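Novice: coords please:
(one chain, ligands or ions: 1)
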Amino acid sequence: MIYQKAYHPGDISNLSFLVTGGAGFIGSNLVEYLLLHKAGKVVVLDNYATGFASNLEAFKVHPNFEIIEGDIRVIEDCNKACKGIDYVLHQAALGSVPRSVENPIATNSVNVDGYLNMLVAARDAKVKRFVYASSSSVYGDSKILPKVETQIGNPLSPYAVTKLLNELYADVFAKTYKMEITGLRYFNIFGPRQNPGGAYAAAIPLFMDALLANKPAYINGDGGQTRDFTFVVNAVEANIKALFATKHDGDPMVFNVAVSDRISIKELFLVLKSVAGSNNDAIHREERPGDIRDSLADISSAKKYLGYNPQFKMEDGLKITMDWFKQAFYNN
Ligand SMILES: NC(=O)c1ccc[n+]([C@@H]2O[C@H](COP(=O)([O-])OP(=O)(O)OC[C@H]3O[C@@H](n4cnc5c(N)ncnc54)[C@H](O)[C@@H]3O)[C@@H](O)[C@H]2O)c1
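Specialist: Next up, the predicted model:
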């Protein structure tokens, strides 16, 4: 039971939550947490573009749970989903740097137009707080390590531009409409229900799938690029704490969500190989355009303002995730 620990104060049985993108990886983990902790109402808005009904199958029987199949690019869908909602956890987006390089218009329309629709709908529904998923990609070409929220570089991909625009809009909406909004810059989140399939899958589920199925595993470039891989339970903790943290005028509006520890992709592969008990070796292929070289977060601001205190180290998360993958995809 990875969600036993409560990250919210008191009782949430009289509160309603909207999770956009709730059929996706991080969104479905948020749903799991909220229902386990007896939230009064949990609504998901998702169009299943990259999410799956199967991610929500276990929660469908819950009387406090509702799924709205809809699109954040359609304002009426956003208004319907926000009706009577206290707190919004906005996760819906088209993820992936390479997807955005191939189709910047699609990424922009969901991540910027759709995001703006959600802000307007949340404003009109007078929600108490709006917490949204930003990304470490906003650090772009900045070479500074560790990454501190106040020092970003130039975006390196259309995806990064969309997340930066999200942050700019959040700032303007907070000031103009007096909304409470917090952005979370996720650093390479991994865990149960992350999709290993499709052209835009992330490194950890791809490696796990390759190791468990004895398929070729590919490392882009020399594998020396580093990442601050973060188990999804830590991301859920950050979201829930961001919903309920006391806010003062002038507090930061965006926070890094990571562990503040990094590992190179080639080292990560070796760790996973040993967790899986596999002899499979990785094949190196070309670097991907738009990728950043190194990533490591300073998480002191999230600790100070949100009370964020990530409980799961990468290795612990990898073991839990590998067990989940074995069960979900290989029935053992
Ligand atoms: N996973 C990571 O490492 C990571 C890192 C940085 C930021 N993020 C951000 O976190 C959020 C969640 O990512 P995830 O990894 O869970 O991805 P995911 O693809 O599993 O989830 C995204 C969900 O949004 C839904 N969606 C997409 N377009 C939609 C639309 N037009 N209307 C309604 N729903 C729509 C998808 O169907 C999916 O269920 C995204 O905003 C992503 O950009 C993720």
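
Novice: Only C-alpha atoms from now on, for both contacts and neighbour counts.
Specialist: Will do.

Novice: Name every strand pairing with the helix or strand hosting residue 284 and say which way it goes.
Specialist: Take DSSP states H and E as the rule and residue 284 turns out to sit in strand 282-285. On the basis of DSSP bridges, the sheet neighbours of strand 282-285 come out as strand 217-220 (parallel).

Novice: now what about the helix or strand just after the partner strand, what contacts it?
Specialist: Toward the C-terminus, strand 217-220 is succeeded by strand 226-227 as the next helix or strand (DSSP H and E). Contact with strand 226-227 is made by 187-188, 262-265, 293-296, as judged by CA atoms under 8 Å, 6 or more residues apart in numbering.

Novice: Once you drop chain neighbours, what's closest to residue 55?
Specialist: Spatial nearest neighbour of residue 55, chain neighbours left out: residue 23 (5.8 Å); criterion: CA to CA, 6 or more residues apart in numbering.

Novice: Give the burial count for that neighbour, as a bare number.
Specialist: For residue 23, the count of nearby residues is 30 (other CA atoms under 10 Å).

Novice: Any buried residues in stretch 62-77, and which?
Specialist: The neighbour-count check on stretch 62-77 (16 or more other CA atoms under 10 Å) flags 64-68, 70-73, 75, 77 as buried.

Novice: still on that earlier bit, mind listing what's buried along the strand holding residue 284?
Specialist: residue 282.

Novice: Make a PyMOL selection of whichever of the contacts of strand 226-227 turn out to be buried.
Specialist: Applying 16+ other CA under 10 Å to the contacts of strand 226-227, the buried members can be selected in PyMOL as follows:
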select buried, resi 187+188+262+263+264+265+294+295+296
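
Novice: hmm, stretch 215-235 touching the ligand?
Specialist: No. Contact of stretch 215-235 with the ligand (CA under 6 Å from any ligand atom) is absent, the minimum separation being 8.0 Å.

Novice: For that stretch, measure first residue to last.
Specialist: By CA to CA, to the nearest Å, the extent of stretch 215-235 from end to end equals 30 Å.

Novice: Please tell me I have it right and residue 322 contacts residue 208.
Specialist: Yes. Between residue 322 and residue 208 there is a contact at 6.8 Å, judged by CA atoms under 8 Å.

Novice: gap between the residue of the chain most remote from its centre and residue 270?
Specialist: Residue farthest from the centre of the chain, counting by CA atoms, centre = their mean, is residue 279 at 31.0 Å. Note on residue 279: its distance to residue 270, by CA to CA, is 10 Å.

Novice: Then residue 250?
Specialist: Using CA to CA, residue 250 is found at 44 Å from residue 270.

Novice: Looking at the two, which one has more neighbours?
Specialist: Neighbour totals were compared for residue 250 and residue 270, and residue 270 leads with 16 against 6 (other CA under 10 Å).

Novice: Provide a list of residues in contact with that one.
Specialist: Going by CA under 8 Å, 6+ apart, residue 270 touches no other residue.

Novice: Could you rerun that using 10 Å?
Specialist: With contact taken as CA atoms under 10 Å, 6 or more residues apart in numbering, residue 270 is in contact with 276, 278-282.

Novice: And the strands in the stretch 51-200 of the chain?
Specialist: 65-69, 87-90, 129-135, 181-186, 189-190 (DSSP state E, counting those that start in this stretch).

Novice: Tabulate these in JSON lines, adding columns for mean pLDDT and distance to the ligand.
Specialist: Below are the strands of the stretch 51-200 of the chain laid out as JSON lines (pLDDT from 0 to 100; distance: least, CA to the nearest ligand atom, whole Å):
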{"stretch": "strand 65-69", "mean pLDDT": "98", "distance to the ligand": "8"}
{"stretch": "strand 87-90", "mean pLDDT": "99", "distance to the ligand": "7"}
{"stretch": "strand 129-135", "mean pLDDT": "98", "distance to the ligand": "4"}
{"stretch": "strand 181-186", "mean pLDDT": "98", "distance to the ligand": "4"}
{"stretch": "strand 189-190", "mean pLDDT": "98", "distance to the ligand": "4"}
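
Novice: how about these, which one is nearest residue 34?
Specialist: Counting by CA to CA, residue 34 lies closest to strand 65-69 out of these; the figure is 9.9 Å.

Novice: and the residue lying closest to residue 94 once chain neighbours are set aside, what is it in contact with?
Specialist: Once flanking residues are discounted, residue 94 sits nearest to residue 107: 5.6 Å by CA to CA, 6+ apart. Residue 107 is in contact with 93-97, 99-101, 113-114, 158-159, 161-162, counting by CA under 10 Å, 6+ apart.

Novice: Nothing else from me, thank you.
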